[in-house]
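Novice: no sequence on this one, just coordinates:
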């Protein structure tokens, strides 16, 4: 994970092509405000995101030896004595109804002592035996070879092919340090449903600002880790979300939105000073530990191991389906509390392959790069498919709308994997 440039809180200029957002920095005046207001009040000019040589054949003159060992020894003895090998016998067969044989040409046939020219024919019993083994599944199925997914990036310096395996081994070892603990029982004023509402709103804000994908995953990671260390009243839950996204933007984005942008998009529910105070509180509780392996870093790697087609349409469909299922799981508290980021990422790939009816569902390549078998992923994958089947009817539709659009291959509209549904 590469660290981004950190921008000052008081930065006065937005990134290129973004219109200046009018500041509505109104202090709390006793009016009751609704939390998680519609973010449609922010109008921004959207900026677009960034011949082969033939092999040399070696001609080898091979001599066919007789199968009979005695003949071999005789041939060797004759060779020592200088005796010439006997030439193949020629048999002349004359077939004619006429005794005189007139008008009939002789037919000659050469017979060599090197054995008959007929191909070996399998017996009927051996064929039946082979068929019975195939029917009973006793035959060894060909093993899928492991594919080196980094071979195509050997000349890409940014892919760091020499170190990428070591990097992900380190991610797997250290992911538990940044993993979310089960904290909901320690929060007297909030519950899992409120957290889902907050994540749904943050997903919409993330999309409205056109932020990097890493920013969303780091934002939710910061929210969960802070809530696991600090009791937060219900009225400040959205403030925690805003401040967490401010921190994630400074870490991941090149041109981060200003604090006033987040104040305005939350319908001035909080003052700018409140956001800055909460930001400082969050960083203090997390001890400035922001470089954590989030769900995103595993998704990128496992999607790469899953793609076997060269067609861009199929690649986009697989990638979007994996991210759709992962973000559905990210929005649900039980998934993030029960499973590590690497398991959620691998389960999203497994569920996506089931949904798109890929065969085989799980390959040796995926098992090698993820480190998980099908049995280890099936329970989490069933949860993700369950969320997919309920997404269309859910009131929280930010993720569903996001992945229903054509630019996301419309994967949210596909039929969930029936094999994983109860």
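Specialist: It's in. Bear in mind the structure is a predicted one, so any value in this text is a computation, not a measurement.
Novice: Show me which residues of whichever helix or strand residue 204 is part of are buried.
Specialist: Using DSSP states H and E, the element containing residue 204 is helix 192-209. Under the neighbour-count criterion of 16 or more other CB atoms under 10 Å, helix 192-209 has 194-209 buried. Where you see a C-beta, it was placed from the backbone N, CA and C, and this is true even at glycine.
Novice: quick one: low-confidence ranges for the stretch 101-250 of the chain?
Specialist: 101-145 (pLDDT under 70).
Novice: what about the strands in it?
Specialist: 107-111 (DSSP state E, counting those that start in this stretch).
Novice: Next, residue 382: secondary structure please.
Specialist: helix (DSSP: H, G, I helix; E, B strand; the rest coil).
Novice: Quick check: pLDDT value at it.
Specialist: We have a pLDDT of 95 for residue 382.
Novice: what about it, distance to residue 319?
Specialist: Distance of residue 382 to residue 319, computed by CB to CB, to the nearest Å: 22 Å.
Novice: same thing with residue 183?
Specialist: The value you get for residue 183 to residue 319, if CB to CB is used, is 32 Å.
Novice: and which of the buried residues of helix 192-209 is nearest residue 421?
Specialist: residue 196 (21.1 Å; CB to CB).
Novice: any idea of the mean pLDDT in the lengthiest helix in the chain?
Specialist: Counting by DSSP state H, the longest helix found in the chain is helix 312-331. For helix 312-331, mean pLDDT rounds to 93.
Novice: and it, what does it pack onto?
Specialist: Contact partners of helix 312-331 among helices and strands, from 3 or more CB pairs under 8 Å, 6 or more residues apart in numbering; DSSP states H and E: helix 192-209, helix 213-227, helix 295-306, helix 333-338, helix 341-355, helix 374-391, helix 398-402.
Novice: any chance of these in JSON lines, plus distance to residue 410?
Specialist: Putting the helices and strands packed on helix 312-331 into JSON lines (distance: least, CB to CB, whole Å) gives the following:
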{"stretch": "helix 192-209", "distance to residue 410": "16"}
{"stretch": "helix 213-227", "distance to residue 410": "19"}
{"stretch": "helix 295-306", "distance to residue 410": "18"}
{"stretch": "helix 333-338", "distance to residue 410": "24"}
{"stretch": "helix 341-355", "distance to residue 410": "13"}
{"stretch": "helix 374-391", "distance to residue 410": "13"}
{"stretch": "helix 398-402", "distance to residue 410": "11"}
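Novice: Can you say which of these is nearest to residue 235?
Specialist: Using CB to CB, the helices and strands packed on helix 312-331 put helix 192-209 closest to residue 235, at 11.2 Å.
Novice: and the angle from that closest one to helix 213-227?
Specialist: 150 degrees (axes from the mean of the first three to the mean of the last three CA atoms, to 10 degrees).
Novice: angle of helix 192-209 against helix 312-331?
Specialist: Using the same axes, to 10 degrees: helix 192-209 against helix 312-331 is 140 degrees.
Novice: What lies in contact with helix 192-209?
Specialist: Outside helix 192-209, the residues within contact range by CB atoms under 8 Å, 6 or more residues apart in numbering are 36, 39, 42, 44, 184, 215-216, 219-220, 223, 227, 234, 237-238, 240-241, 245, 257, 261-262, 265, 327, 330-334, 396-399, 402.
Novice: try 7 Å this time
Specialist: With contacts defined as CB atoms under 7 Å, 6 or more residues apart in numbering, helix 192-209 is touched by 36, 39, 42, 184, 215-216, 219-220, 234, 237-238, 241, 245, 257, 265, 327, 330-333, 396, 398-399, 402.
Novice: What of stretch 302-315?
Specialist: Against stretch 302-315 from outside (CB under 7 Å, 6+ apart): 149, 318-319, 322, 345-346, 349, 353, 365-366, 369-370.
Novice: quick one: secondary structure of residue 274?
Specialist: Residue 274 ends up helix, using three-state DSSP.
Novice: burial of it, as a residue count?
Specialist: By the measure other CB atoms under 10 Å, the count of residues near residue 274 is 17.
Novice: From here on, call the first residue 39.
Specialist: Sounds good: first residue 39 from here, last item residue 312.
Novice: For it, list the residues it contacts.
Specialist: Taking CB under 7 Å, 6+ apart, one finds residue 277 in contact with residue 312.
Novice: repeat for residue 286
Specialist: With CB under 7 Å, 6+ apart, residue 286 has these contacts: 253, 256-257, 260.
Novice: Dump these to CSV, plus distance to residue 344 and neighbour count.
Specialist: Below are those laid out as CSV (distance: CB to CB, whole Å; neighbours: other CB atoms under 10 Å):
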residue, distance to residue 344, neighbour count
253, 24, 23
256, 23, 26
257, 26, 28
260, 28, 28
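Novice: Now that we have the residues you listed, can you turn them into a markdown table and tack on distance to residue 210?
Specialist: Shown next, in a markdown table, are the contacts of residue 286 (distance: CB to CB, whole Å):
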| residue | distance to residue 210 |
| --- | --- |
| 253 | 23 |
| 256 | 18 |
| 257 | 23 |
| 260 | 21 |
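Novice: Any buried residues in stretch 301-320, and which?
Specialist: Buried-residue list, stretch 301-320, by 16+ other CB under 10 Å: 301-308, 310, 312-313, 316-317, 320.
Novice: Of the residues you listed, which belong to helices?
Specialist: Using DSSP H, the buried residues of stretch 301-320 in helices are 301-303, 310, 312-313, 316-317, 320.
Novice: how about those residues, which pair is most distant?
Specialist: Across these, the two lying at the largest distance from each other (CB to CB) are 302 and 320, at 20.7 Å.
Novice: Go ahead and confirm residue 400 touches residue 413.
Specialist: No - applying CB atoms under 7 Å as the test, residue 400 and residue 413 come out as separate, 9.8 Å apart.
Novice: From the buried residues of helix 230-247, pick the one nearest residue 205.
Specialist: residue 244 (25.6 Å).
Novice: Can you give me the neighbour number for residue 406?
Specialist: 13.
Novice: for the record, mean pLDDT for the helix or strand that contains it?
Specialist: Element membership for residue 406, per DSSP H and E: helix 402-408. Helix 402-408 carries an average pLDDT of 93.
Novice: Can you tell me what sits against it?
Specialist: Contacts of helix 402-408 (CB under 7 Å, 6+ apart): 181-182, 184-185, 187, 339-340, 343-344, 384, 387, 411.
Novice: which parts of it are buried?
Specialist: Buried, per 16+ other CB under 10 Å, within helix 402-408: 403-405, 407-408.
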